[in-house]
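**Student:** Quick one: sequence and predicted model below, then my questions.
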Amino acid sequence: MNFFAHHKVSFVDYPKKISTLLFVSGCNLNCAYCHNASLKKRRVNKITERSVFEFITKRQNLIDAVVITGGEPSLYQDEIKDFFIRLSAAFPTLLKKVDTNGTSPGFIRDISAYADLISMDFKTLFYEKYLNFPMDVILNSIEELRKTENYEIRITMYPEYISPEDFPEMGKILRGTKNIVIQQYRQVDNVKPYKDKVLNDFSNILKSYAENVYLKL
Ligand code: SF4
């Protein structure tokens, strides 16, 4: 499997681990705050699997985990599954994480047998309105995620997509969730990020629904 980009060392993309980050190109959503806008379209993936394996072989003492992000990894479901199988055969102790926007419950179901951690976005209560995508598919993905061993749900606090009135309803949807990460939106347009207090308030609401709530301010 080839990749669009390779960010060799990351300290923030796998909880408490040092990871190497692989990007796939192409996405089936069009979020207004996307920081990887150049990856929304499918492009030629020039980073070869061989070069990734060579890098990991050289840095085995440093790298704990491989993270596949995007773009949207679920568009590469079968390739990622096969890549993870080859990765596990070559590096049995290496952890494997995949990020997803949650648009494919089948991807979550399938890849959970091969990934050590799945991180899914929950972007808004109004997928139809803002992202032209059916909300019930996202709810199915959350259900699939809850059946897996190790997962987190990431909420990016983009004020256009999430308002404080939505917090209680989002909490109810996430009732019983293991790990939730609330992250600050990094400004890309003229929409100002919420103040940290708003994120703290949301975190306090979610704490009564989820096992662990982490804040990334
Ligand atoms: S799902 Fe992720 S990669 Fe796709 S448009 Fe949204 S933020 Fe960008």
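**Tutor:** Thanks, I have it.

**Student:** what about stretch 164-178, average pLDDT?
**Tutor:** Mean pLDDT, computed over stretch 164-178, is 96.

**Student:** how about it: buried residues?
**Tutor:** Buried positions in stretch 164-178, judged by neighbour count with 16 or more other Cβ atoms under 10 Å: Phe167, Met170, Gly171, Ile173, Leu174, Thr177. Quick note: C-beta positions are derived from backbone N, CA and C, even for glycine.

**Student:** if we look at it, which residues are touching it?
**Tutor:** With contact meaning Cβ atoms under 8 Å, 6 or more residues apart in numbering, stretch 164-178 is reached by 122, 124-125, 139, 142, 146, 150-153, 155, 162, 180, 198, 201-202, 205-206, 208-212.

**Student:** could you point out where this protein is predicted with low confidence?
**Tutor:** The model of the chain has no residue with pLDDT under 70.

**Student:** who in it is up against the ligand?
**Tutor:** Cys27, Leu29, Asn30, Cys31, Cys34, Asn36, Leu39, Lys40, Gly70, Gly71, Glu72, Asn101 (Cβ under 6 Å from any ligand atom).

**Student:** Go through these and single out the one with the most neighbours.
**Tutor:** Neighbour counts for the residues of the chain next to the ligand (other Cβ atoms under 10 Å) peak at Gly71, which has 28 neighbours.

**Student:** Would you mark the buried spots in the top strand by length along the chain?
**Tutor:** Of all the elements of type strand in the chain, the one with the most residues (DSSP state E) is strand 5-14. Across strand 5-14, burial judged by 16+ other Cβ under 10 Å covers Ala5, Ser10, Asp13, Tyr14.

**Student:** for stretch 196-209, same thing?
**Tutor:** In stretch 196-209, counting by 16+ other Cβ under 10 Å, buried: Val198, Leu199, Phe202, Ser203, Ile205, Leu206, Tyr209.

**Student:** what does stretch 39-48 give?
**Tutor:** Buried residues in stretch 39-48 (16+ other Cβ under 10 Å): Leu39, Lys40, Asn45, Ile47.

**Student:** Cross-check the contact I'm expecting between the first one and Gly70.
**Tutor:** Okay, so that is Leu39. Yes. Using Cβ atoms under 8 Å as the test, Leu39 is close enough to Gly70 to be in contact (5.8 Å).

**Student:** what residues are shared contacts of these two?
**Tutor:** Residues touching both Leu39 and Gly70 (Cβ under 8 Å, 6+ apart) are Phe23, Val24, Ser25, Gly26, Cys27.

**Student:** So which of those wins on neighbours?
**Tutor:** Using other Cβ under 10 Å as the neighbour criterion, Val24 leads those with 28 neighbours.

**Student:** Distance-wise, check that residue relative to Pro15.
**Tutor:** Val24 is 21 Å from Pro15, where distance means Cβ to Cβ, to the nearest Å.

**Student:** same deal with Leu215?
**Tutor:** Leu215 sits 13 Å away from Pro15, taking Cβ to Cβ as the criterion.

**Student:** hang on, the earlier thing: let me have the buried residues of stretch 164-178 in TSV, adding secondary structure as columns.
**Tutor:** Shown next, in TSV, are the buried residues of stretch 164-178 (DSSP: H, G, I helix; E, B strand; the rest coil):
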residue	secondary structure
Phe167	helix
Met170	helix
Gly171	helix
Ile173	helix
Leu174	coil
Thr177	coil
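
**Student:** wait, which of these is closest to Ile56?
**Tutor:** Looking at the buried residues of stretch 164-178 and their distance to Ile56, the nearest is Thr177, at 31.4 Å (Cβ to Cβ).
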